[in-house]
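S.K.: structure here, sequence nowhere to be found:
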């Protein structure tokens, strides 16, 4: 290969560069030192800083960067990422939800009836008393 060996970084090495004074990103399997670009990034520096320490390819693609933005990346290129150090898949764990228990529904209805039946009886008693007085 001509032009010398490309530097290969591991994800933990790249993840150490996660501050406004030293910010590196992994996009498309390549490592970029975007420290000098932080101030000029149209989306703000927070967006870039939040993408450190992981493969930011999806974040980059989701925004829909222009071809000129992609062309600018070359000047920040510092090496390649050792793809074996990037987790292939982040396992999704569903949030804990209370298990639906169909046996609880009758308990709810019983409690509701225990509240409503006395109110209905009281209402009838007051109504009967009111109508019998006026007659």
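M.R.: That came through fine. Please read all numbers here as calculations on a predicted model, not as lab measurements.

S.K.: contacts for stretch 79-90?
M.R.: By CB atoms under 8 Å, 6 or more residues apart in numbering, the residues outside stretch 79-90 that reach it are 6-12, 14, 26, 29-31, 54-55. All C-beta spots, glycine's among them, are computed from the backbone N, C-alpha and C.

S.K.: repeat that for stretch 46-66.
M.R.: Around stretch 46-66, the neighbours that count as contacts under CB under 8 Å, 6+ apart are 11, 14-15, 17-20, 23-29, 34, 37-38, 41, 43, 81, 86.

S.K.: just the buried members of those?
M.R.: Buried members of these, scored by 16 or more other CB atoms under 10 Å, are 11, 14, 17, 23-27, 34, 37-38, 81.

S.K.: keep only those of those residues that are in strands.
M.R.: Mapping the buried ones among the contacts of stretch 46-66 onto strands (DSSP state E) picks out 23-27, 81.

S.K.: is it possible to export these to TSV including distance to residue 120?
M.R.: As requested, these are exported to TSV (distance: CB to CB, whole Å):
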residue	distance to residue 120
23	69
24	71
25	67
26	68
27	68
81	71
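
S.K.: can you add pLDDT and distance to residue 132 and give the residues you listed back as CSV?
M.R.: Below are these laid out as CSV (pLDDT from 0 to 100; distance: CB to CB, whole Å):
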residue, pLDDT, distance to residue 132
23, 95, 85
24, 95, 87
25, 94, 84
26, 94, 85
27, 94, 85
81, 92, 89
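
S.K.: what's the closest of those to residue 71?
M.R.: Nearest to residue 71, judged by CB to CB, of these is residue 27 at 13.4 Å.
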